[in-house]
Structures are given as C-alpha cells and as structure tokens.
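Asks: please find the sequence and the predicted model below.
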There are 2 protein chains.
Amino acid sequence: MLYKDLDRKTQENLLTEIEKKLQTYKDLNLDLNMARGKPSPEQLDHVTTLFKNVSMDNFMSEEGIDVRNYGGLYGLIELRRVFGSMLKIEPESIWCLSSSSLTIEYDLLSRLMLFPLPGQSKAWRDLDEVKFLCPVPGYDRHFNMLDSFGIKMIPVPMNDEGPDMDVVEDLCKKDSSIKGIWTVPMYSNPTGQSYSEKTLRRLLSMEAAEDFKVLADMAYAVHHLHDDPAEQDPVYPLLDLAREEGHPDRVFVFASTSKMTYAGAGVACLATSEKNRTWLLPSLKSQMISADKVNMLKHARLFRSLGGVESLMKAHAKVLGPKFELVIKAFDEKLGPTGIATWTRPKGGYFVTIWVYPGTASKVYARCKELGLSITDAGACYPYGKDPEDSALRIAPSYPHMDELREAINLFCLVVREQALLKLLEESRS
Amino acid sequence: MLYKDLDRKTQENLLTEIEKKLQTYKDLNLDLNMARGKPSPEQLDHVTTLFKNVSMDNFMSEEGIDVRNYGGLYGLIELRRVFGSMLKIEPESIWCLSSSSLTIEYDLLSRLMLFPLPGQSKAWRDLDEVKFLCPVPGYDRHFNMLDSFGIKMIPVPMNDEGPDMDVVEDLCKKDSSIKGIWTVPMYSNPTGQSYSEKTLRRLLSMEAAEDFKVLADMAYAVHHLHDDPAEQDPVYPLLDLAREEGHPDRVFVFASTSKMTYAGAGVACLATSEKNRTWLLPSLKSQMISADKVNMLKHARLFRSLGGVESLMKAHAKVLGPKFELVIKAFDEKLGPTGIATWTRPKGGYFVTIWVYPGTASKVYARCKELGLSITDAGACYPYGKDPEDSALRIAPSYPHMDELREAINLFCLVVREQALLKLLEESRS
C-alpha cells in the first residue's frame, strides 16, 4: 500500500521499525561512497592489463611524428580517427587537446568570454548579460563552470526526449542574451536519458541568438550497459545534423576516455566546424604546442589492438551492468510499493536519478552522511545548487564493490523511506 | 682584419669567394633545422631507456591515491617535491597542473584577464590598458601569448644581470598600467644569460602597480651545460626572495620537464604564494579534476630512482655540451676575426643568441631558408616580431646530430659573412 494512503498509526509504526534498522547501520560505522561517477578498481585493473600488451617500443606516429617531442597541435590522426568512429564525426573536425574534456570545455568557455566569435563585434565578457540554458537535473561541473564565468543559468525541464524543446525554443526566441545550452546528449548526467534525434534537430535548427552555441558533452557516447544493440541508445552525428539543420557552427562536441581507460589520465577531444576551429586556432597556438602525444599514441594503439572501442566497453558493461541492475532492483522492490519515489532506468552512462519524496532530498543526503554513506549533494544537479522540489538525487553505482553497493543501496532506501514518513507525518500534523 | 676596415675591393673578393661556397651548399639541397629548442632523438632515447626501468606495477601514490582515477587537484606530493628541489620552493606552494608549462602560463594570464586579483576591484580585461615589460631578446611564445590577450608589450633591454633594472624601475614607477614582466631567470631564452640575485631582488622589491606580477618561466632551472658546479648558474629561491623583499604575492613561477623527459609529454607546475593559490582555486576547480597523475607518478618514480634530477641532467649535458661548444667555436673562429657579429656564451639552457651585422638579420634568415637551413625567424625574439636593429638571431643547437649541426653552423656563418659584406658594400656606396 502507498505510504500516503496509510493511516497515521501505521506510518508511525513503520517509522519506528525503520529507525531501529538504521540504528544497527549506525553501529557499523560504515564508510560507503556513491557520490561521484568514478570507475571501479576492477575496471581500472582491466585497462591496466590491456595497456600492458600495447607495444611502445617505437614512438613514431602513423604520420611519422616522434610523439616524445614537440609538435602536432591537433593531436595524432590515428586517435582522432578513434574518436571519430565513436562520435560519428570526420576525424579532420576533431582535435585532441587535453587529458580531460572538462578542461577543454572550460577553456572553450574562457575563449568565448574573451574573444569575439566570427561575425560578432563583442566577446561575451563585454555583453551586458550572458545566459545559458541548463536542462535539469544536469551535471554539477557544467553549472559550476558557467557560474565561475558569471554566466546566468536558466533551468529547463527534461522530458523523455531530452530538454523540453517547447520551453527551450520559446526562451531562445524571446531572449538574445541566451547564448547557449549545456547538453549531455547520450546517457545524460545524471538521468541516464538520451536525447532523441528530433530534440537534437530542434536544438540545431531553432531560432536563437546568432552566436548561440550547443555545448554537447559526449561523456558517455559508447558507455552502454547492455551488449544487445537493441538495448543501446544511438549516437547521432552532431556535426552532420548541425549542417543539415542550417547552423553548422552552432555545436561544440566534447569527449574523453576518462571512463574508458583512466579517469583524468586518458585522452580528450573537441569537435566542431571548420569556421569554429579557425576561430580557435590563434588562441590555441598561444596556449599549447600540443597535448601529451605519448599518451595519445598509447591510446590509439590500445584501441587498434582491440579492433575499436567496442570490446573495451563490453568489458566495462560486464562490471557496471550488474551494479545498475542491483540499484534498480532495490528501488523497485523497496521503494516501488511505497509510491514515495520515482527513478530512471538508464541504458548507459554512470548514473541513476531518483526523485525522493518532495522536500526530503537534502534530508536524505544529510542522514546518509550521518550514517556513513556519501551520495552526491542534494541540489548539486541544479544551477546554483537549488532544486526547487528538493527531490532529485544522483546515484553513482560504479565505484563500490557489489557487496558494498548492496549495503549502500539498502541503507539508502531505508533513509528515503524514513524521511518520506517523517515528512508525511509532519504534513498530516499541519 | 675587421670586415669594416677592409677596402671595397677586398670586400668584393671575399664576397665572391663566399658566394661560390654557398652555391655548393645550394646544390646539396640541404634540409637542416636549428629553429626550435627541441631535445634530440638521442636525448629522448636515453629517457625512454630510463623510463623502461621505472616500475608501474602499482598505481598507488605515496598518499594512497590510485592515480588511474579522479582526484588530487594539486598533483602528487612526491612530484611536487621533485619540482621543489629543482626550484628551491617548498612543495606545498607547487601545483602540478598540466603536461606543459606554456599551458599553465596561458591559463594564468587568461585568469588575470577574467578575474580580479585579491584586493582589486577589476580584472585586467576591464582596465583601459594593460601593459607588460618584455626583456629583449626574449621568448617568442611569451610575447605571442601577451599579444593574443591584447596586452601591450614594452621591450626592455637586457644586460649581463638580466633586464636593465634602471629602465624597469623607471617605467614601473611612472605607469601603473604596467601589470607585469615576463622573465626567464635561469639560462634565459634566447640569450642563455641568468638573472643576478640583485636583479631578482630589485624586481621583487621595486615600486610598481599593486597588482604587478613577475612571471618567472624556469624552463631551464637545472639545464646546465657543465658538470662542474662552478660553471653553473645558481637557482635563486624566488618565493623566498619575494617574501623577503616585501611582495610575497608578486611572483608566479613555472617549470616543466619538457626538456628533461619528453617535450610536451612530461609534467609541469606552477608555484606561487598562498594568497595567489587561494585566488586561483575556484577557477581551477572549475577547469579540472586533476592533471594526468599516471604520468606524474611515472615521473616521480623516475626521479626517485635516479636519486634526483641531477644525473638525468648530466646525461643531457653530455649530449648538449659538445653541440654548444661546436657553435661557439665556429662563431669564434669564423666570425670572431671579422668583427661583424657578437654572441652569447651560455652555461646552460637551449639557445645561443647572435647579433649579426645590424640590418641583416632578416636577410640572413631568408638566405638560410633558401639554402635549406631553418633558423628561428628574425625578429621572433622581440615583441610584435620587431627587432629595431634587425640584428638578433636565435640559434637552437639541440636537435640536429653533430654532423648536421657542423654543416648547419658552417653554412650559417658563411651567410652571416655574406650578408654583412653586402651591407657594408651597400653602405660604402651611399
């Protein structure tokens, strides 16, 4: 029976029972962490084994560049080709510029603040106001980045196909100070939902400021949880779509191997139109001679030896799949009958989003912390950390061992139920 | 006898003789390069051998961080300690943020443009004008960077102890829009001269704008050409000096292992005061989770296995020393008696600067190019590429094999003599 339909007495009894169970957890002095989307040691060890078989006896790239020396600003073509196959983008449009896509993203925004885009007389820093649309729930580091540049964030609701495009189109039509939107088109952080082709085409065709940009973080482009292609979301060729929809220069695409090889020690890229690349070139040449080409070569050889990225991602899915299943199953069994929460069922990516009983997310976060379980801050997935419903929480099941995860998720479900009951009782009192 | 004292006829005969020799060079269709300060394949191979002996069987840092995963913004303490020993700076003040110091430098300038320093109401971008002092000849990439941010560059002459401090102090006292100076205090690029302690102390104590910054690129901190410490320039502890001279927040120090391990695929750092680091932290957290810690660990272990950086640098000196000797000896023998040029005799670093006959540097550059020898662009070592004397040229002897270098430098000396004679003849005509 749904919690809200229970009488007060039953609610109180349930609460007492849950409190008792939570007390036993408290006595265990747990130290569990489901806060960040980190690969597990098991995944990293697998990658380490694979890297061991990659020969680095010679350091010559396909094009005859000694990767141990200066040069090669755009990165190695053999690696740009790997990213190309992942993103469905021609390698010539892809530059490998860092070990971290976050850094490439930040640097792009920094340039947009400082240097006028082609055809624009002013850089964003010199405009009265710059606003960005932020589909919510979204990625906290994207929001943090915008905030650090003083860009005003406007939350936009997500639906099954991505951001609510009626809202997006309406806002952009009315307000030319809206200069962009942050998107995670594949297995979005934190809901795990992918954008539909229709949503992407609307984003790339709609009326908006001339210098409106779609920043597309393809962090999870190949991060399927299932082997069966029917169970996987498709990657759409974003640069092609942008061209087809008449705004070839609207989109910047980012990706990295942080959740494929090593987190923060992999390789990362930017893909965009020739016009945008030409605009980037002078400041890029001032900033770097090239990113780490030794690591690029090592990665290119790894993927070649695997015959692409697929087999690596299958191995990751073998580790991650059961963790996601465990979480969803626990939610279904322990929260499903109560009617106090809803959650996503992602087919890929690194996160599950759960909407707990409205007004309790920050309490669930605090209570979990008290009991030795770290989860992502309540509100973190919203601009300025403000979830108006105080309901969404991001669950990152990737890092803990299965045993720890089981314990963590059981604890979490108990806390979600406890806080919902407390809130229900408080509501019935007032 | 000095060229200028020769009679016209003798000058003409000499020129004919040189032209004949140059024609034989032309027929060889050479492809020689002394343009950039690149390590030679021999140096890179040596490092590769050393890296092969570094065990990466476990990926745990000294502080128990799995370097294959996220975290550790400041970099690994064991590597910060290595940089600390090189730079005479406490490891706590050093952050390892990239594989390239150039990138760290650019990113710092980018932040200075965008974000107000502590105690300042405006970021540099919001001031009417920002100027930088540029000791000349200097490093072209430093100048390029300033130019890309629209910072106005003011050349300042160098003397034996670094930039002419009378000029520097005078300019800074009069003009508070001068916000900084680019320096390469050790084995400066391109003259190879090091700054004296007195110069450094004057830079760090002088009257200047409150937000005046000394950017110190310690690219060649340990890059001695001689084993004998008496033949080496000393590293001064820049953060200590800044504190002692009453401006603890005035200096930012940069360094990398690009010319120690792999160029652009090594590790790099920033060192500055706590106040400056606190100012940097929010934007840094928005830009990155950490730089590549796998590479950091590999480097830290390499240096530990060598018992520090000294033995590595000795091996490099063994390769580089003879190349510098060859260049200086050629200049002494082939140009010394002519009186048409002067040059530096660096004890370290990657470059020799030669001042060819005034008004001929760009012609020497062009003629060398025509004959198959690439050298650094004439003017490159001056802001906006403008050497008012058209005289300074940067010689980078590190990359070519000894045989190639011998050929290159012989050719170069002939061209320097040819162009001087042409100029002398032209002058005597007018």
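Replies: Arrived safely, thanks for sending.
Asks: ranges for the strands of chain A?
Replies: For chain A, the strands defined by DSSP state E occupy A:32-34, A:94-98, A:131-136, A:152-159, A:162-163, A:178-183, A:213-217, A:251-256, A:268-271, A:342-343, A:352-355, A:373-375, A:392-395.
Asks: show me the shaky parts of chain A.
Replies: Applying pLDDT under 70 to chain A picks out no residues at all.
Asks: do a quick rundown of the helices in chain A.
Replies: Applying DSSP state H to chain A gives helices spanning A:8-27, A:41-52, A:77-87, A:101-114, A:140-148, A:165-174, A:197-205, A:238-244, A:274-287, A:293-305, A:310-330, A:361-370, A:402-429.
Asks: so which of the ones you listed is nearest B:V364?
Replies: Minimum separation from B:V364 across the helices of chain A (C-beta to C-beta) falls at helix A:274-287, 25.5 Å. From N, CA and C alone the C-beta is placed, and that goes for glycine too.
Asks: what residues does the closest one touch?
Replies: Residues outside helix A:274-287 that contact it (C-beta atoms under 8 Å, 6 or more residues apart in numbering or on different chains): A:73, A:93, A:95, A:97, A:107-108, A:111, A:114-115, A:117-118, A:248-249, A:252, A:272, B:102-103, B:106-107, B:141, B:144-145, B:147-148.
Asks: try it again at 7 Å.
Replies: A:73, A:111, A:115, A:117-118, A:249, A:252, B:103, B:106, B:144-145, B:148 (C-beta atoms under 7 Å, 6 or more residues apart in numbering or on different chains).
Asks: what of stretch A:167-181?
Replies: A:124, A:127, A:129-133, A:154, A:156-157, A:202-203, A:206-209, A:211-215.
Asks: show me what contacts the spatially most central residue of chain A?
Replies: The residue lying closest to the centre of chain A (C-alpha atoms, centre = their mean) is A:N189, at 3.3 Å. A:N189 sits next to A:139, A:219, A:349, A:351 when contact means C-beta under 7 Å, 6+ apart.
Asks: export the contacts of helix A:274-287 as a markdown table, with columns for neighbour count and distance to B:F331.
Replies: Listed next are the contacts of helix A:274-287 as a markdown table, based on neighbours: other C-beta atoms under 10 Å in any protein chain shown; distance: C-beta to C-beta, whole Å:
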| residue | neighbour count | distance to B:F331 |
| --- | --- | --- |
| A:L73 | 17 | 33 |
| A:R111 | 19 | 43 |
| A:F115 | 18 | 42 |
| A:L117 | 19 | 49 |
| A:P118 | 10 | 47 |
| A:D249 | 20 | 51 |
| A:F252 | 25 | 50 |
| B:T103 | 25 | 34 |
| B:Y106 | 25 | 34 |
| B:N144 | 17 | 28 |
| B:M145 | 24 | 31 |
| B:S148 | 19 | 34 |
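Asks: looking at the residues you listed, which is nearest A:M1?
Replies: Within the contacts of helix A:274-287, distances to A:M1 taken as C-beta to C-beta reach their minimum at A:F252, with 50.1 Å.
Asks: grab the nearest non-local neighbour of the closest one.
Replies: Excluding its sequence neighbours, the residue lying closest to A:F252 (C-beta to C-beta, 6 or more residues apart in numbering or on different chains) is A:T272, at 4.8 Å.
Asks: quick one: the one you found and B:F212, what's the gap?
Replies: To B:F212, A:T272 is 37 Å away according to C-beta to C-beta, to the nearest Å.
Asks: which of those two has more neighbours?
Replies: More crowded of A:T272 and B:F212, by other C-beta atoms under 10 Å in any protein chain shown: A:T272, with 26 against 19.
Asks: got phi/psi on the more buried one?
Replies: phi -160, psi 180 (degrees, to the nearest 10).
Asks: that one and A:Y187, how far apart?
Replies: Computed as C-beta to C-beta, the A:T272 to A:Y187 distance reads 22 Å.
Asks: now swap in A:V214 and tell me
Replies: From A:V214 across to A:Y187, the span is 17 Å (C-beta to C-beta).
Asks: same thing with A:S273?
Replies: Applying C-beta to C-beta, the value for A:S273 to A:Y187 is 25 Å.
Asks: looking at those two, which has the bigger crowd around it?
Replies: With neighbours defined as other C-beta under 10 Å, A:S273 and A:Y187 compare such that A:Y187 has more, 25 against 18.
Asks: what is the burial count for the nearest residue to that one once chain neighbours are set aside?
Replies: If the residues on either side of it in the chain are set aside, A:Y187 comes closest to A:G349, at 2.9 Å by C-beta to C-beta, 6+ apart. When neighbours are defined as other C-beta under 10 Å, A:G349 has 28 of them.
Asks: A:G349 touches A:V184, doesn't it?
Replies: No - taking contacts as C-beta atoms under 7 Å, A:G349 lies outside contact range of A:V184: 8.3 Å.
Asks: thought A:Q120 was touching A:D211?
Replies: Yes - A:Q120 is within contact range of A:D211, at 5.4 Å (criterion: C-beta under 7 Å).
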